[in-house]
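Visitor: Starting from these lines, generate the structure:
(one chain, ligands or ions: 5)
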Amino acid sequence: MVGLRLIFSAILLLLAFQEATSHGDNPLSRIAIHKSTFALTDLASIKASPSVLGLTEQNSGWVTLEYSNPIPSVDDWIGVFSPANFSASTCPSENPRVYPPLLCSAPIKYQYANYSSPKYKDSGNGSLKLQLINQRSDFSFALFAGGFLNPKLVAVSNTVAFSNPNAPVYPRLAQGRTWNEMAITWTSGYGINEAEPFIEWAPEGGKRQGRGKKWKTLEIHLKEWYSYKLGHKLFNGTCIWSQQYQFRASPYPGQNSVQRVVIFGGMGKGEVDGSSEYNDFQPGSLNTTKQLIRELNNIDIVFHIGDICYANGYLSQWDQFTAQIEPIASTVPYMIASGNHERDWPGTGSFYGNMDSGENVVFWLRLCSMYLQRTGPSSAQGSLSGIFSFHRYSTDYGMFRFCVADTEHDWREGTEQYKFIENCLASVDRQKQPWLIFLAHRVLGYSSCITYAIEGSFEEPMGRESLQKLWQKYKVDIAMYGHVHNYERTCPIYQINIDDFLHIHLLISPHC
Ligand SMILES: *[C@@H]1O[C@H](CO)[C@@H](O)[C@H](O)[C@H]1NC(C)=O
Ligand SMILES: *[C@@H]1O[C@H](CO)[C@@H](O)[C@H](O)[C@H]1NC(C)=O
Ligand SMILES: *[C@@H]1O[C@H](CO)[C@@H](O)[C@H](O)[C@H]1NC(C)=O
Ligand SMILES: *[C@@H]1O[C@H](CO)[C@@H](O)[C@H](O)[C@H]1NC(C)=O
Ligand SMILES: *[C@@H]1O[C@H](CO)[C@@H](O)[C@H](O)[C@H]1NC(C)=O
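Guide: Residues are numbered from 1 along each chain as shown. Ligands and ions are numbered 1, 2, ... in the order given. Got it, this is the predicted structure:
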């Protein structure tokens, strides 16, 4: 008995280590940028071309860097900075133990100087291609010696900018309050006091049909394809336009047609040019995104149920993420749920007091309108109470009713969220919507993942104890969760006996 137990816990430890490293950073993501010093020399250089991107309205573009360092080293690296003038003189010293010169702005991404120039360490010459996305500011590139622990700034490039850095970009569609509303959120560099945001849309092939304000939802009609553009009307009358995008109207509740739904959690983002970011968690997300784009003609709606981008406090990574999913989120409703990496932070009212979000509150300011228009104040401009309120919602899509819970706020009996879940499950008309789906980020049902196995709970503690009577009473068809980066499925299950459950511990996956 004892021997068996030992073996079991040894396996658990190994798996736990694997989980930790799968979340691990690559070496460059540990750059001690705050320790950077100046070692600028005329003998070193770095040059970026072209210097203007987006001349034909693209939201991204490639630059080529050519660089040269008289004293090259194998761990020289190149950082991408935005805004281009990353002079520390504008930053107050955060820490009296760090001596000037300071470089207080972190690079948005970086790459080793030898990445596509293996001879760099001998010749001192190299070149590199990087992709930039339009993110409201200009860029510069800096060549550093000294590796990532003692970065020494050797050369800074010319500035590169998009022709209109403020242009509206990266629309995100979401189901509105009713089936025939579509909500669109986007990013732009125009403040509300500089220009009036609006959407212009038309049935595909038709004439211009309407305009609506930002946050306003579009009224749409059955089965039609719509084309739309985002706009900002400057106060002198000039309109700034986005690219043109298309979406198709959602099916009405009960509509008997083919409805294809994709559901996943914990995707994150990656850099297509191979460069690294701080917290470089999920390079595999590029493959997932690519596959979704390839299959977009066969997808009607997407649910990304928490752990969306893993920006963990690095704001620019939300731009990176919204750019990465643009072809998907601009075409089909991209519904999100709240995960630990969006919400958890001590003292802010999250159910868990950990630091998984990296103080990622900015996330809510930028992406949460898809929740707020359902659950929060009508002005989605980001009141704090809205940001910290619950982010659960229900949405109807043809033959489906989705009840999307927020596991980062309390769901137990007696809470507001419990009432919400019961109401969502109880109010569906099963004649029209035979499919009743429960979605949440953490595993409130059953998981044999290592974390839960160690706890002995095989679920997020207090999950199914609180909710299974609701699932049973209202006959939920499927419940889906993210969080544990694993694929598992169970047979129909109710009030499982934990002793029985332990017998299937071999199901613990090495990818857990
Ligand atoms: C490039 O630099 C990295 C970091 O120093 C090193 O690990 C790698 O082996 C180098 N690659 C080549 C081709 O020299
Ligand atoms: C960069 O910013 C600093 C501080 O605001 C300013 O003194 C400097 O002139 C700027 N440099 C350029 C090239 O704009
Ligand atoms: C490196 O580039 C400089 C100019 O950028 C050139 O003068 C020099 O010959 C190059 N060195 C090698 C070894 O290619
Ligand atoms: C309005 O302002 C923008 C930005 O300053 C400018 O580019 C545009 O030419 C102006 N349009 C008119 C009609 O004056
Ligand atoms: C992405 O897909 C490619 C090709 O199938 C594969 O070689 C690569 O390992 C995948 N990347 C990740 C991070 O899974």
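Visitor: Only C-alpha atoms from now on, for both contacts and neighbour counts.
Guide: Fine.
Visitor: so who does the residue in the stretch 151-300 of the chain that ligand 2 sits nearest to touch?
Guide: Ranked by C-alpha to the nearest ligand atom, the top residue of the stretch 151-300 of the chain for proximity to ligand 2 is residue 159, at 9.2 Å. Taking C-alpha atoms under 8 Å, 6 or more residues apart in numbering, we find residue 159 in contact with 48, 51, 84, 138-141.
Visitor: Could you report the pLDDT at it?
Guide: In this model, residue 159 is scored at 97, pLDDT.
Visitor: distance of it from residue 86?
Guide: With the distance defined as C-alpha to C-alpha, to the nearest Å, residue 159 ends up 11 Å from residue 86.
Visitor: Same question for residue 495.
Guide: 58 Å.
Visitor: do the same with residue 193
Guide: Using C-alpha to C-alpha, residue 193 is found at 26 Å from residue 86.
Visitor: burial count for residue 75?
Guide: 18 (other C-alpha atoms under 10 Å).
Visitor: ditto for the one 10 residues further on
Guide: Under the neighbour criterion other C-alpha under 10 Å, residue 85 is assigned a count of 14.
Visitor: So what pairs up with the residue nearest to it when sequence neighbours are not counted in the strands?
Guide: Nearest residue to residue 85 in three dimensions, chain neighbours excluded: residue 140, at 7.4 Å (C-alpha to C-alpha, 6 or more residues apart in numbering). Under DSSP bridges, the beta-bridge partners of residue 140 are residue 81.
Visitor: show me the contacts for residue 140.
Guide: Residue 140 makes contact with 80-85, 156-160, according to C-alpha under 8 Å, 6+ apart.
Visitor: looking at this, residue 241 is in a strand?
Guide: Yes: looking at residue 241 with DSSP: H, G, I helix; E, B strand; the rest coil, it is inside a strand.
Visitor: ok, for it, nearest residue in space, not its chain neighbours?
Guide: residue 231 (4.6 Å).
Visitor: quick one: which of the contacts of residue 159 is nearest ligand 5?
Guide: Within the set of the contacts of residue 159, residue 141 lies nearest ligand 5; the separation is 26.1 Å, counting by C-alpha to the nearest ligand atom.
Visitor: how far away is residue 343 from residue 421?
Guide: Computed with C-alpha to C-alpha, the distance linking residue 343 and residue 421 is 20 Å.
Visitor: quick one, which of residue 193 and residue 86 is more surrounded?
Guide: residue 86 (18 against 8).
Visitor: That one is in contact with residue 105, isn't it?
Guide: Yes: applying C-alpha atoms under 8 Å, one finds residue 86 in contact with residue 105, separated by 6.2 Å.
Visitor: before we move on, back to that, so how far is residue 105 from the residue of the stretch 151-300 of the chain closest to ligand 2?
Guide: Distance, residue 159 to residue 105, using C-alpha to C-alpha: 16 Å.
Visitor: Reformat the contacts of residue 159 as CSV; add pLDDT and distance to residue 35.
Guide: Shown next, in CSV, are these (pLDDT from 0 to 100; distance: C-alpha to C-alpha, whole Å):
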residue, pLDDT, distance to residue 35
48, 98, 25
51, 97, 29
84, 91, 19
138, 95, 24
139, 96, 21
140, 96, 19
141, 97, 18
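Visitor: Redo those residues as CSV? Include distance to ligand 3.
Guide: Converted to CSV, those look like this (distance: C-alpha to the nearest ligand atom, whole Å):
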residue, distance to ligand 3
48, 13
51, 18
84, 22
138, 25
139, 22
140, 19
141, 16
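Visitor: from those residues, which single one is nearest residue 179?
Guide: Among the contacts of residue 159, residue 138 lies closest to residue 179 (C-alpha to C-alpha), at 39.9 Å.
Visitor: Which secondary structure state does the closest residue to that closest one other than its chain neighbours sit in?
Guide: Counting by C-alpha to C-alpha, 6+ apart, residue 161 is the residue found nearest to residue 138 once chain neighbours are left out, at 4.5 Å. Classification of residue 161 by three-state DSSP places it in strand.
Visitor: same check, this time on the one 4 residues further on
Guide: Secondary structure, three-state DSSP: residue 165 is coil.
Visitor: Who are the contact partners of it?
Guide: So residue 165 contacts 134-138, 189 (C-alpha under 8 Å, 6+ apart).
Visitor: Can you report phi and psi for it?
Guide: Here is the backbone geometry of residue 165 (degrees, to the nearest 10): phi -70, psi -20.
Visitor: And the pLDDT for it?
Guide: 95.
Visitor: cool, residue 511 as well?
Guide: 30.
Visitor: tell me which element the most centrally placed residue in the chain falls in.
Guide: Central residue of the chain (C-alpha atoms, centre = their mean): residue 309, 2.5 Å from the mean position. Per DSSP states H and E: residue 309 is located in neither a helix nor a strand.
Visitor: That one: what's it in contact with?
Guide: With C-alpha under 8 Å, 6+ apart, residue 309 has these contacts: 266-269, 317-318, 321.
Visitor: same thing but 10 Å
Guide: With contact set as C-alpha atoms under 10 Å, 6 or more residues apart in numbering, residue 309 has these partners: 266-270, 281-282, 285, 317-322, 341-342, 363.
Visitor: Among the residues you listed, name the buried ones.
Guide: The neighbour-count test (16 or more other C-alpha atoms under 10 Å) marks 266-270, 281-282, 285, 317-322, 341-342, 363 as buried among those.
Visitor: In helices, which of these fall?
Guide: 285, 317-322, 341-342, 363 (DSSP state H).
Visitor: can I see the domain layout of the chain?
Guide: 28-162, 169-248, 261-507 (automatic domain parsing).
Visitor: Ok, which of those comes nearest ligand 1?
Guide: domain 28-162 (3.7 Å).
Visitor: does ligand 1 sit close to that closest one?
Guide: Yes: judged by C-alpha under 6 Å from any ligand atom, domain 28-162 and ligand 1 are in contact via 74-75, 112, 114-115, 118.
Visitor: Just the buried residues from these, in ChimeraX please.
Guide: Buried residues within the residues of domain 28-162 next to ligand 1, by 16+ other C-alpha under 10 Å, are selected in ChimeraX with:
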select :74,75,112,114,115
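Visitor: Pick out the residue of the stretch 101-250 of the chain closest to ligand 3.
Guide: Proximity of the stretch 101-250 of the chain to ligand 3 (C-alpha to the nearest ligand atom) peaks at residue 123, 4.3 Å away.
Visitor: residues touching that residue, list them.
Guide: Residue 123 is in contact with 68-73, 117, counting by C-alpha under 10 Å, 6+ apart.
Visitor: repeat for residue 323
Guide: If you count contacts by C-alpha under 10 Å, 6+ apart, then residue 323 has 59-60, 133-135, 169-171, 269, 317, 329 around it.
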